[in-house]
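Visitor: Got a predicted structure here, sequence first:
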Amino acid sequence: MPKSTFFTGQPIFNQLLSYIPRTKVDRLTRKHNSDHYCKNFKAYDHLVTMLFCCFHHCTSLRELITGIQANAHRLNHLGIVHTPCRSTLADANERRSADFFKDLYHELFQYHFGVLPDSLPKSKLSDKIFIVNSTTVTLFSEVFKACGNAKANGKKKGGVKAHVMIRAKDNIPCFVHITSASTNDKTVMPLLNLPEGSILVMDKGYNSYTPMAEWTKKGITWVTRLNKRARWKCIEERPVSEQMAAHGVRSDKKILLGNPEKAKKVPLQVARLITY
C-alpha cells in the first residue's frame with residue numbers, strides 16, 4: 001500500500017487542526033453569536049490561539065502571544081490572518097462565551113467517535129463502563145494570597161471545577177461540564193446521558209438517590225462507595241464463595257438503601273453492598 005502524502009509538508013499543529021471541520025466551527029459561531037462586535041479576532045482565531053497555548057504549554061498571555069508572533073510565518077497554515085495582541089486576547093477570554101468551546105468539543109467527539117448508542121447489550125464489559133469524576137482547577141496561587149474566600153482550615157475554593165465522564169473503552173471524555181469550584185458534584189448527575197445497559201463508576205461525592213433510582217429503572221448499573229451517613233437496611237445476606245474471598249470480599253449483602261423517613265420524597269431502592 002503506498003504511503004499517504006496528504007500531510008506532506010504540513011506542520012504537525014496544522015495536521016491536528018485538519019480534524020476540526022470549519023463548517024462546524026462556523027455553525028456554532030452563528031449559534032452563539034461569537035463574532036458579535038469582533039473585527040479581526042474571530043471565534044476560529046480564538047480557538048486556534050487557545051489550542052496553541054495548550055500544545056506549547058504557555059503559562060501566560062505574554063508567553064502565548066510571543067510564541068504566536070515567533071511563528072508568524074506559519075500563520076497561513078493555521079488559518080489566522082492577524083496575530084492578536086495581549087489586550088485583544090484578554091478581552092476575548094472575558095467576553096466570548098465558553099459555551100462555544102464546550103459545544104464544539106461535544107460536536108467533535110460525536111463526529112470522530114460517534115454518538116453514544118441507546119443500548120449496549122452485546123458489548124464487552126469494558127465497552128459498557130463509564131467513569132465520572134471531578135477535578136478542581138485553582139485560580140489562586142502564592143501571588144494572590146488575598147484572593148478568594150478562605151475557610152477556617154485556611155483552604156480556598158477560588159477556581160473552577162471540571163466534571164468529566166469518560167468511556168473506559170475510548171479513554172476520552174464524552175461529557176465535560178464546567179462549574180465554580182464550590183459547586184456540589186451531585187448537581188451534575190441529572191445531566192449525565194447514559195445508554196441502556198451501561199455501568200457507571202463514580203466516587204461517593206456523587207451519591208444522590210433520586211438519579212440512582214432513575215438509572216436503575218433504565219437498566220443502568222451504578223457502582224460507588226457508600227457514604228458514612230447513608231441509611232440502609234440489610235434484606236439478605238449472600239454467601240461469599242472461596243473465589244470471592246480470595247479477591248478480598250468479606251461480605252455480600254442485599255440492602256434497602258435510603259432513609260425511610262424521606263421515602264415519599266426520595267424513594268428507597270434495592271442495592272448490593274459488597275465489603276472488601
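Guide: Received the coordinates, thanks.
Visitor: switch to C-alpha atoms for all contacts and neighbour counts from now on
Guide: OK.
Visitor: In three-state terms, how would Pro173 be classified?
Guide: For Pro173, the assignment made with DSSP: H, G, I helix; E, B strand; the rest coil gives strand.
Visitor: Then Pro267?
Guide: For Pro267, the secondary-structure state derived from three-state DSSP is coil.
Visitor: okay, now it: neighbour count?
Guide: 14 (other CA atoms under 10 Å).
Visitor: Quick check: it touching Glu261?
Guide: No: taking contacts as CA atoms under 8 Å, Pro267 lies outside contact range of Glu261: 10.1 Å.
Visitor: And this protein, split by domain according to the record?
Guide: 12-108, 116-225, 226-276 (automatic domain parsing).
Visitor: Dump those domains into a markdown table; add mean pLDDT as well.
Guide: Converted to a markdown table, the domains of the chain look like this (pLDDT from 0 to 100):
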| stretch | mean pLDDT |
| --- | --- |
| domain 12-108 | 85 |
| domain 116-225 | 79 |
| domain 226-276 | 89 |
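Visitor: So which residues of the protein form helices?
Guide: Along the chain, the stretches classed as helices by DSSP state H are 12-17, 22-32, 43-55, 61-70, 75-78, 86-95, 99-113, 125-128, 209-217, 242-246.
Visitor: What I need now is the ones you listed written out in TSV, including mean neighbour count and distance to Asn184 for each item.
Guide: TSV is the format used below for the helices of the chain (neighbours: other CA atoms under 10 Å; distance: least, CA to CA, whole Å):
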stretch	mean neighbour count	distance to Asn184
helix 12-17	14	35
helix 22-32	14	27
helix 43-55	17	28
helix 61-70	16	31
helix 75-78	15	39
helix 86-95	13	25
helix 99-113	15	20
helix 125-128	16	26
helix 209-217	16	15
helix 242-246	11	35
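Visitor: So which of the ones you listed is nearest Lys233?
Guide: Closest of the helices of the chain to Lys233 is helix 209-217, at 14.9 Å (criterion: CA to CA).
Visitor: So what pairs up with Arg238 in the strands?
Guide: Asp252 (DSSP bridges).
Visitor: contacting residues for it?
Guide: Contact partners of Arg238, counting by CA atoms under 8 Å, 6 or more residues apart in numbering, are 251-254.
Visitor: How about Thr135?
Guide: Here Thr135 is in contact with 161-163 (criterion: CA under 8 Å, 6+ apart).
Visitor: Tell me the spacing between it and Gly159.
Guide: Distance of Thr135 to Gly159, computed by CA to CA, to the nearest Å: 11 Å.
Visitor: How about Tyr19?
Guide: Note on Tyr19: its distance to Gly159, by CA to CA, is 31 Å.
Visitor: Counting neighbours, go ahead and name the busier of these two.
Guide: Gly159 (15 against 11).
Visitor: List the beta-bridge partners for the more buried one.
Guide: Gly159 has these beta-bridge partners by DSSP bridges: Thr138.
Visitor: Can you give me the distance of it to Asn14?
Guide: In this view, Gly159 and Asn14 are 32 Å apart by CA to CA.
Visitor: re the thing from before, looking at the contacts of Thr135, spot the one nearest His56.
Guide: Among the contacts of Thr135, and counting by CA to CA, the member closest to His56 is Ala162, at 21.6 Å.
Visitor: how deep is Ser251 tucked in, by neighbour count?
Guide: By other CA under 10 Å, neighbour count at Ser251 equals 16.
Visitor: Now do the contacts for the residue nearest to it when sequence neighbours are not counted.
Guide: Ranked by CA to CA, 6 or more residues apart in numbering and with sequence neighbours excluded, the top spatial neighbour of Ser251 is Thr275, at 5.2 Å. Applying CA under 8 Å, 6+ apart, we find Thr275 in contact with 249-252.
Visitor: Return the members of those classed as buried.
Guide: Buried subset of the contacts of Thr275 (neighbour count, 16 or more other CA atoms under 10 Å): 251-252.
Visitor: Pipe the contacts of Thr275 into JSON lines and attach distance to Lys31 per row.
Guide: Below are the contacts of Thr275 laid out as JSON lines (distance: CA to CA, whole Å):
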{"residue": "Val249", "distance to Lys31": "52"}
{"residue": "Arg250", "distance to Lys31": "55"}
{"residue": "Ser251", "distance to Lys31": "54"}
{"residue": "Asp252", "distance to Lys31": "52"}
